[in-house]
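K.L.:
Got a predicted structure here, sequence first:
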Amino acid sequence: MIKLYREYNDEGKVIKKQCGKCRQILDIDHFYVKGKVSKTNIDGYMNHCIECNKVIWKHHADDPEKRKRWLLARIKSKCIQNNIPFNLTIDDLVIPENCPILGIPLKFGVKGSDRFKNKSKTPDDSPSVDRIIPELGYVKGNIVVVSFRANNLKSNATPDELQKIAEFYKPYCIN
């Protein structure tokens, strides 16, 4: 593994970092915050600068197979970290053109584009892999690809709770 250059301030916070793709040494504000510290992410920032990340994301957005591989890798990583059952393959991910719940077109985007106005918020029309029965995990026959908005609305609510919410608000809706 290649060690990338990092420069720290007196409090031990990283202030400059080397991009793993273009190899430039840049101020830390040229990197997205990744969040969790891990073996491959020791400083809490992405290993590629924002500009290189845009290129990587665009590359994924243009190729349906790369989209599926990227989604699968993200899910698998989440499952390993959180001890969630996982046995999916690339063939198990079927990404529809439109969200089967809300009917909105599903789009992979490029971070930093107009769709990502808030860098930390996933756009509502992004594909999201949902566990039909959460306790079973990400396993064959228990997933469906929907929009991030639909998955976020569902979150951890039961079908009965969602029905009650819909029934409560229906009289208040004009359309």
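P.N.:
Great, that's in hand. Here the structure is a predicted model, which means the values were calculated and not measured. Numbering: from 1, shown residues only.
K.L.:
for the longest helix seen in the chain, what is the average pLDDT?
P.N.:
If you go by DSSP state H, the chain has its longest helix at helix 64-82. Mean pLDDT, helix 64-82: 86.
K.L.:
what comes up buried for that helix?
P.N.:
Buried residues in helix 64-82, defined by neighbour count with 16 or more other CB atoms under 10 Å: Arg67, Lys68, Trp70, Leu71, Leu72, Ile75, Cys79. No exception for glycine: its C-beta is placed from N, CA and C like everyone else's.
K.L.:
Please report how far the fifth one lies from Asp91.
P.N.:
Distance from Leu72 to Asp91, counting by CB to CB, to the nearest Å: 10 Å.
K.L.:
got the contact list for Ser126?
P.N.:
Leu106, Lys107, Phe108, Gly109, Ser147, Phe148 (CB atoms under 8 Å, 6 or more residues apart in numbering).
K.L.:
any weak-confidence spans in this protein?
P.N.:
Within the chain, the ranges that satisfy pLDDT under 70 run 1-2, 35-41, 59-62, 109-120, 174-175.
K.L.:
And the strands in it?
P.N.:
Secondary structure of the chain (DSSP state E): strands at 6-8, 14-18, 25-27, 31-33, 45-49, 127-131, 143-147.
K.L.:
Any idea which of the ones you listed gets closest to Pro171?
P.N.:
Nearest to Pro171 among the strands of the chain is strand 143-147 (26.2 Å), distances taken as CB to CB.
K.L.:
Check which residues of that closest one are buried.
P.N.:
For strand 143-147, a neighbour-count test (16+ other CB under 10 Å) marks Ile143, Val145, Val146, Ser147 as buried.
K.L.:
And for stretch 158-170?
P.N.:
Neighbour-count burial for stretch 158-170, counted by 16+ other CB under 10 Å, picks out no residue.
K.L.:
which residues sit against it?
P.N.:
Against stretch 158-170 from outside (CB under 8 Å, 6+ apart): Leu153, Lys154, Ala157.
K.L.:
That one: how far from the chain's middle?
P.N.:
Distance of stretch 158-170 from the chain centroid (CA atoms, centre = their mean, to the nearest Å) equals 27 Å.
K.L.:
Render the CA-only coordinates of it in CSV, please.
P.N.:
Only the C-alpha atoms of stretch 158-170 are listed here, as CSV (Å, rounded to 0.1, in the frame of the first residue of the first chain):
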residue,chain,number,x,y,z
THR,A,158,-43.7,-0.8,9.1
PRO,A,159,-46.3,-1.0,6.3
ASP,A,160,-49.0,-0.5,8.9
GLU,A,161,-47.3,2.7,10.1
LEU,A,162,-46.9,4.0,6.6
GLN,A,163,-50.6,3.3,5.9
LYS,A,164,-51.6,5.1,9.1
ILE,A,165,-49.6,8.2,8.1
ALA,A,166,-51.1,8.2,4.6
GLU,A,167,-54.7,7.8,6.0
PHE,A,168,-54.1,10.6,8.5
TYR,A,169,-52.8,13.1,5.9
LYS,A,170,-55.1,12.3,3.0
